[in-house]
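S.K.: next come a sequence and a model predicted from it.
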Amino acid sequence: MVWKRASRNKWRTLLLGLGAVIALFWGAVDIVGVPPQNLAWLLLQALVAIGAVIVFASMAGWLLHRLRRSRQRGR
């Protein structure tokens, strides 16, 4: 199977990022002594916050798009 360069770069970046996150998680648990449950809870909170930002930004974008369309129709 021949991989295109762009696809290969995406997968490499994804794997390197995942490896970095795992290394940071391991370092926090093993070296610093943070309980894994605390890190998992913080990770979940961060994912929920990021999801909320994405949802609110998409709603604002949709609203701005609708307002622009209504202004163009009104002219």
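M.R.: Sure thing, it's come through.
S.K.: for the rest of this, base every contact and every neighbour count on C-alpha atoms.
M.R.: Fine.
S.K.: helices of this structure, residue ranges please.
M.R.: Remark: helices of the chain, listed N- to C-terminal, are 5-27, 36-74; assignment by DSSP state H.
S.K.: can I get these in TSV with mean pLDDT?
M.R.: Rendered in TSV, the data for the helices of the chain read as follows (pLDDT from 0 to 100):
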stretch	mean pLDDT
helix 5-27	90
helix 36-74	92
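S.K.: dump these into JSON lines; add mean neighbour count as well.
M.R.: Conversion of these to JSON lines gives the following (neighbours: other CA atoms under 10 Å):
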{"stretch": "helix 5-27", "mean neighbour count": "12"}
{"stretch": "helix 36-74", "mean neighbour count": "11"}
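S.K.: can you list the domain ranges for the chain.
M.R.: 1-34, 35-75 (automatic domain parsing).
S.K.: chain center to the first one, what's the gap?
M.R.: I take that to be domain 1-34. On the basis of CA atoms, centre = their mean, to the nearest Å, the separation between the geometric centre of domain 1-34 and that of its chain is 14 Å.
S.K.: residues touching the residue positioned nearest the centre of the chain, list them.
M.R.: Closest residue to the average C-alpha location of the chain: residue 50 at 6.5 Å, with CA atoms, centre = their mean. Applying CA atoms under 8 Å, 6 or more residues apart in numbering to residue 50 gives no contacts.
S.K.: quick one: it from residue 9, how far?
M.R.: Counting by CA to CA, to the nearest Å, the gap from residue 50 to residue 9 is 25 Å.
S.K.: ok, now residue 41?
M.R.: When distances are taken as CA to CA, residue 41 and residue 9 turn out to be 31 Å apart.
S.K.: can you check residue 64 too?
M.R.: Distance from residue 64 to residue 9, counting by CA to CA: 35 Å.
S.K.: and if you look at residue 56?
M.R.: Counting by CA to CA, the gap between residue 56 and residue 9 amounts to 31 Å.
S.K.: got it, and residue 23?
M.R.: For residue 23, the distance to residue 9 - CA to CA - is 21 Å.
S.K.: repeat that for residue 72.
M.R.: 42 Å.
S.K.: same check, this time on residue 66
M.R.: Distance, residue 66 to residue 9, using CA to CA: 37 Å.
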